[in-house]
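K.L.:
based on what follows, work out the 3D shape:
(one chain, ligands or ions: 1)
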Amino acid sequence: MGHFSLTNNQDTIAALATPPGMGAIGVIRVSGPDAISMVNAIFKGTDLTLALSHTIHFGRIIENDMVIDEVLVSVFKAPNSYTAENITEISCHGSPYILTRVLNLIIQKGARLAKPGEFTMRAFMNGKMDLAQAEAVADLVAADSENARQVAISQMRGGFSSEIKKMREKLVHFASMVELELDFAEEDVEFASREELKKLVKELSDIISALLSSFMTGNVIKNGVPTVIAGKPNSGKSTLLNAMLNEEKAIVSELEGTTRDFIEDEIHIEGFAFRFIDTAGIREARDRIEQMGIERTRQKMREASVIIYMFDLSVENEDSINQQVSELERLSIPYIKAGNKTDVASPALLNSLESQPGFIFISAKFKENLDQLKVRLIDLLDLGKVSVGDTIVTNARHYESLFKAKNALREVIDGMEKQASGELLAQDIRQSIYYLGEITGEITNEDLLENIFSKFCIGK
Ligand code: GDP
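P.N.:
Got it, this is the predicted structure:
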């Protein structure tokens, strides 16, 4: 691995690993050659420098004979730690004042404050994980739905990486065979069977294509589905929104005793997060509809991945409905036609609409049929058949590299069809190997690393 100026493994780094603010405990994490001795210098209890790896020690943090806090210190010894360096983690009482003070003491002993993601970056630099795995650590920390969690943890555990590495190795083998032929140019030998190479490249292209098309799902899993509830004023948009959000709130607060943050304006269906956008607009719509104008409503709808379009069945007729549907069609965004207020709708209208495909009949006010609406959301986006056990690309950087790798593989095929020279062939294979290597970090550069790790939390 190269030497990067943004990391110096001789440094011992320290950071608060728990969120800023008051908590029951706060954890300070220290990593580097002097992580144990520096903490030992401010610790009264057992001698930490003699402690075995993976042990926890009760004691006091001392400054000039004054007891600052009673703490637990965990000791991990190189290379058997997250970063592969010596690590200590001090669990203090969770007062921001105490934590700052203890952190300052460690800095005084010679540690420096860690940059965002620097612990994970060291784990990467020291070969504890590859780049895709390191990125998955950040995804796991940010996971806010069941599917996001599953995909991130599988990637962190190396599922995605091993798929990429397998492909890469096969190509490396072929590239070296083709290159070997070049050394015997006069003899006109063929170490690498062109038939087999073609078969392999096709096979790999198919795998990459599948990965590329999983990105749409991956994006949904990672970022949620931007969802808009639209419809004329009074059609019941805010009633529906409140009904769905209150249900979600009820589910969340069933986790008794937890104070988990409730994510405003988001619901979860089968592990996918649906984010309602422009909920402020919905809530204010009735008073402001004049100023808002149709154009703005359209704009909001265009930002959506799916639209729930509400019809007030107590006032609409078939003509007015068809007119709105044809406007919806023009947006080319998946939508659900939600016929609302079934409790007061005319049976005749209901009857005639029932023959229209894609209508869901609900009563937002009485929470009728909301489950069916949710099922439709999943169906509409084809999420029902997604298996999070499959490898799914969730990262735009990986998508880009896969895309380039696939293009390079197409060049290989083209080259073979045009009887291109071994040199050209080898070059194109090497190119695809390069792009695959970008994903796992075999190929990397300082800017890229800086970019990736600066998005991490401090202390991770
Ligand atoms: P918005 O302007 O589209 O946000 O509509 P609202 O959600 O504010 O609803 C407008 C009116 O319709 C309110 O008085 C609601 O109580 C009422 N409403 C909403 N859903 C239903 C329903 O399913 N049945 C009936 N009878 N009234 C409803």
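K.L.:
surely residue 437 and residue 448 touch.
P.N.:
No: with contacts counted by Cβ atoms under 8 Å, residue 437 stays clear of residue 448, the gap being 12.0 Å. The C-beta positions use only the backbone N, C-alpha and C, and glycine is treated the same way.
K.L.:
between the two, which one's more packed in?
P.N.:
When neighbours are counted by other Cβ atoms under 10 Å, residue 437 comes out ahead of the other of residue 437 and residue 448, with 20 against 14.
K.L.:
what distance do you get for that one to residue 445?
P.N.:
From residue 437 over to residue 445 the distance is 12 Å, taken as Cβ to Cβ, to the nearest Å.
K.L.:
same check on residue 328?
P.N.:
Here residue 328 is placed at a distance of 47 Å from residue 445 (Cβ to Cβ).
K.L.:
between these two, point out the one with more neighbours.
P.N.:
Applying other Cβ under 10 Å to residue 328 and residue 445 shows that residue 328 carries more neighbours, namely 17 against 11.
K.L.:
so who does that one touch?
P.N.:
Going by Cβ atoms under 8 Å, 6 or more residues apart in numbering, residue 328 touches 307, 309, 335, 337.
K.L.:
residues from the protein in reach of the ligand?
P.N.:
Within the chain, the positions near the ligand by Cβ under 6 Å from any ligand atom are 231, 233-239, 282, 285-286, 340-341, 343-344, 363-366.
K.L.:
and residue 383, what does it touch?
P.N.:
217, 220, 270, 272.
K.L.:
ok, now residue 81?
P.N.:
Residue 81 touches 31, 53, 87, counting by Cβ under 8 Å, 6+ apart.
K.L.:
using PDB, write out every CA atom in stretch 231-244.
P.N.:
Taking Å, rounded to 0.1, in the frame of the first residue of the first chain, the C-alpha atoms of stretch 231-244 are listed here in PDB:
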ATOM      1  CA  GLY A 231     -54.300  15.600  -5.700                       C
ATOM      2  CA  LYS A 232     -56.800  18.500  -5.700                       C
ATOM      3  CA  PRO A 233     -57.400  20.500  -2.500                       C
ATOM      4  CA  ASN A 234     -59.600  18.700  -0.100                       C
ATOM      5  CA  SER A 235     -59.000  15.300  -1.700                       C
ATOM      6  CA  GLY A 236     -57.600  14.100   1.600                       C
ATOM      7  CA  LYS A 237     -53.900  14.300   1.200                       C
ATOM      8  CA  SER A 238     -53.000  15.500   4.600                       C
ATOM      9  CA  THR A 239     -55.500  13.100   6.200                       C
ATOM     10  CA  LEU A 240     -53.700  10.200   4.400                       C
ATOM     11  CA  LEU A 241     -50.300  11.500   5.300                       C
ATOM     12  CA  ASN A 242     -51.200  11.800   8.900                       C
ATOM     13  CA  ALA A 243     -52.800   8.400   9.000                       C
ATOM     14  CA  MET A 244     -49.700   6.800   7.500                       C
END
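K.L.:
next secondary structure after the longest helix seen in the chain?
P.N.:
Counting by DSSP state H, the longest helix found in the chain is helix 194-223. Next helix or strand after helix 194-223 toward the C-terminus (DSSP states H and E): strand 225-231.
K.L.:
so for that next one, mean pLDDT?
P.N.:
For strand 225-231, mean pLDDT rounds to 93.
K.L.:
quick check: angle from it to helix 194-223?
P.N.:
Counting by axes from the mean of the first three to the mean of the last three Cα atoms, to 10 degrees, strand 225-231 points 50 degrees away from the direction of helix 194-223.
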